[in-house]
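Asks: Just to be clear, the model below is a prediction. Sequence and coordinates:
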Amino acid sequence: MSSTILQPKNYILPIIVIAQFFCTSLWFAGNAIISDLVNELHFPSSYLSHLTSAVQFGFIIGTLVFALLSISDRFSPSKIFFICAVIAALTNLCVNINNLNVVLLLLIRFTTGFFLAGIYPVGMKIAADHFQEGLGKSLGFLIGALVFGTAFPHFLKSINGIPWHYIVLCTSLLSLIGGLIVFIFVPDGPYRKIGQQLSLKAFIKGFSNKKFRGFAFGYFGHMWELYAFWSFVPIILLTYNNQHPNHIFNIPLFSFLIIAVGSIACVIGGIISKRFGVKKIATLSLGLSGACCLASPLFIFNSSATVFITFMFVWGMVVIADSPLFATLVAQNAVAEYKGSSLTIVNCIGFSITIISIQLIGALKTETNEQYIYMLLALGPILGLIALRKND
C-alpha cells in the first residue's frame, strides 16, 4: 500500500508544476501587450492598473464562488483544474477578436481571472492532497511555476517582431496543454478528504483557529505588496529609461527576468524551510521585502544602472519567496475536510487586497512622487509581521 502512495511522487509534482506554469501564463498576458493595446484601442497607458485589477477582481469572485460552494472539496480537483484551464484559455483567446473595445477587454480579463480561481488554488489543493511531508518544498516548486508563468508573457513580448496576437494565442495554447496533462496524469491524492455536503459556512471555519488566522493575516500583508510590485515593474523600468537615456533597458525582457527570478527564490525558500522552519523563513522573507519597500527611494532611478537593476532583482526574489511558505502554513492549519475551501477563501481575500494596493499606487503616483510612492507597499509586510509575531 505504501508503495502505491509513494510512487506517484516521482512524476506527479513535476506535472503539477509544468501545468501551473502553462496555465498561469494567462495571468499577465494582458499586461505584456499593454503597449500594443494602447496603440490599437487608443486608451491611456495608465489603464495598466485597470487591466490588472480586472483579472484580480475576476479571480476574487471566482475564488469566492469556489469557496462558498466547496467545489474543490466536493469534486475531483484534477477535473476542476482541467475544466477551468480550458475555459480560461478560450476566454483569453477572445482578446484576438475583431472590433475589441475597452469594456469588452476588461470583461475578457475578468472572466479569465474568474477561471484562474480553478487553477492556482486548486493546484495547491492537488499538491496538498498528494504531499504531507515536505509540503513547503512542494509548494515552493508549485508557486515558483506560478511566478514563471506570470512572467512568461513578458518574455514572449521581448522577442523582436512577434505580433501581440501570437502572445495571446501562445498563452491560451499553453493553458489547454496544462489542463490536459493534469486531467490525464494526476489522479486524486491519497490524502484527499472529500467534503460530502455543501456547507456555505465551510470557508470561514478555518478562521476560528488562532494559528490559521495568524498565518492568513501574514499572507494578506504579503499580498498587499506582491502584485502591485509585479504590475509596476514595467512602469519603473520605463521611467528609469526616460530619466537615464544612457542606460536603456529592454523593458519586456527585464520585466520577465525581475519577476521570473522569484521562482528561484520560491524553490530555495521551500528547500531551506525544511531545515530552519517554515515560519522562520516566511518571516525573514516578509521582513526583507518590507525593507525593500522602505529603501526603494535610495535605489529606484539611482544613477548607477547596476545598483538599480541589482536592487530590482533582489526585490523580485524576496517579494515572492514567502508565498509558498504561507500557503504551507495555511494548508497545514486548515481543517482537513475544508482544506480546499480554506485555501481558496484565503486566496480570495488576499487578491482583494491586491486590487486596493494596485489602484492606490496607480491613483497616487505622479512624476514628482514616483521615486517614493512604492514605500506605501511596506504597510502590508509590517502588518503581516505583527500578525506573525502575535502567532508565536
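Replies: Nice, thanks for sending it over.
Asks: For the rest of this, base every contact and every neighbour count on C-alpha atoms.
Replies: OK.
Asks: Settle this for me: Asp73 is touching Tyr191, isn't it.
Replies: No - using C-alpha atoms under 8 Å, Asp73 is not in contact with Tyr191; the gap is 11.9 Å.
Asks: quick one: which of those two has more around it?
Replies: More crowded of Asp73 and Tyr191, by other C-alpha atoms under 10 Å: Asp73, with 26 against 15.
Asks: Need the three-state assignment for the more buried one.
Replies: helix (DSSP: H, G, I helix; E, B strand; the rest coil).
Asks: ok, so what distance separates it from Ile80?
Replies: 10 Å (C-alpha to C-alpha, to the nearest Å).
Asks: And for Lys390?
Replies: Distance, Lys390 to Ile80, using C-alpha to C-alpha: 36 Å.
Asks: Who has more neighbours out of the two?
Replies: A direct count of neighbours by other C-alpha under 10 Å for Lys390 and Ile80 places Ile80 higher, at 20 against 11.
Asks: Helix or strand: which one has that one?
Replies: Taking DSSP states H and E as the criterion, Ile80 maps to helix 77-93.
Asks: and the following helix or strand past that helix, average pLDDT?
Replies: Next in sequence after helix 77-93, counting helices and strands by DSSP H and E, comes helix 102-116. In this model, helix 102-116 has a mean pLDDT of 94.
Asks: Next, the angle helix 77-93 makes with helix 102-116.
Replies: Between helix 102-116 and helix 77-93, the angle comes out at 170 degrees (axes from the mean of the first three to the mean of the last three C-alpha atoms, to 10 degrees).
Asks: Check the offset of helix 102-116 from the chain's centre.
Replies: Relative to its parent chain, helix 102-116 has a centroid offset of 17 Å by C-alpha atoms, centre = their mean, to the nearest Å.
Asks: from now on call the first residue 43
Replies: With the count now opening at 43, the last piece we talked about shows up as helix 144-158.
Asks: just the CA coordinates of that helix, formatted as CSV?
Replies: C-alpha atoms of helix 144-158 as CSV (Å, rounded to 0.1, in the frame of the first residue of the first chain):
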residue,chain,number,x,y,z
VAL,A,144,-12.0,48.6,-23.7
VAL,A,145,-15.2,47.4,-22.0
LEU,A,146,-15.0,44.0,-23.7
LEU,A,147,-11.3,43.7,-23.0
LEU,A,148,-11.9,44.3,-19.3
LEU,A,149,-14.7,41.7,-19.3
ILE,A,150,-12.5,39.2,-21.0
ARG,A,151,-9.7,39.7,-18.5
PHE,A,152,-12.3,39.5,-15.7
THR,A,153,-13.6,36.2,-17.0
THR,A,154,-10.1,34.8,-17.4
GLY,A,155,-9.3,35.7,-13.8
PHE,A,156,-12.6,34.0,-12.7
PHE,A,157,-11.5,30.7,-14.1
LEU,A,158,-7.9,31.1,-12.8
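Asks: what comes into contact with that helix?
Replies: 66, 68-69, 72, 83, 85, 92-93, 96-105, 126-127, 129-131, 133-134, 136-137 (C-alpha atoms under 8 Å, 6 or more residues apart in numbering).
Asks: ditto for stretch 398-405
Replies: With contact meaning C-alpha under 8 Å, 6+ apart, stretch 398-405 is reached by 88, 91-92, 95, 266-267, 269-270, 273, 415-416, 418-419.
Asks: List the buried residues of it.
Replies: For stretch 398-405, the neighbour count (16 or more other C-alpha atoms under 10 Å) marks Ser399, Ile400, Gln401, Leu402, Ile403, Gly404 as buried.
Asks: Equivalent analysis for stretch 339-356, please.
Replies: Neighbour-count burial for stretch 339-356, counted by 16+ other C-alpha under 10 Å, picks out Pro339, Phe341, Ile342, Phe343, Asn344, Ala347, Phe350, Ile351, Phe353, Met354, Phe355, Val356.
Asks: Output the helix or strand containing Phe64 as PDB, restricted to C-alpha atoms.
Replies: Taking DSSP H and E as the definition, Phe64 sits inside helix 54-66. What follows is helix 54-66, C-alpha atoms only, in PDB (Å, rounded to 0.1, in the frame of the first residue of the first chain):
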ATOM      1  CA  ILE A  54       3.100  14.000 -10.100                       C
ATOM      2  CA  LEU A  55       4.900  17.100  -8.700                       C
ATOM      3  CA  PRO A  56       6.700  17.800 -12.000                       C
ATOM      4  CA  ILE A  57       3.400  17.500 -13.900                       C
ATOM      5  CA  ILE A  58       1.600  19.800 -11.500                       C
ATOM      6  CA  VAL A  59       4.500  22.300 -11.700                       C
ATOM      7  CA  ILE A  60       4.500  22.300 -15.500                       C
ATOM      8  CA  ALA A  61       0.700  22.600 -15.700                       C
ATOM      9  CA  GLN A  62       0.700  25.500 -13.200                       C
ATOM     10  CA  PHE A  63       3.400  27.300 -15.300                       C
ATOM     11  CA  PHE A  64       1.500  26.700 -18.500                       C
ATOM     12  CA  CYS A  65      -1.900  27.800 -17.200                       C
ATOM     13  CA  THR A  66      -0.800  30.900 -15.100                       C
END
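Asks: And it, what does it pack against?
Replies: Counting contacts by 3 or more C-alpha pairs under 8 Å, 6 or more residues apart in numbering; DSSP states H and E, helix 54-66 is packed against helix 162-172, helix 177-200, helix 206-227.
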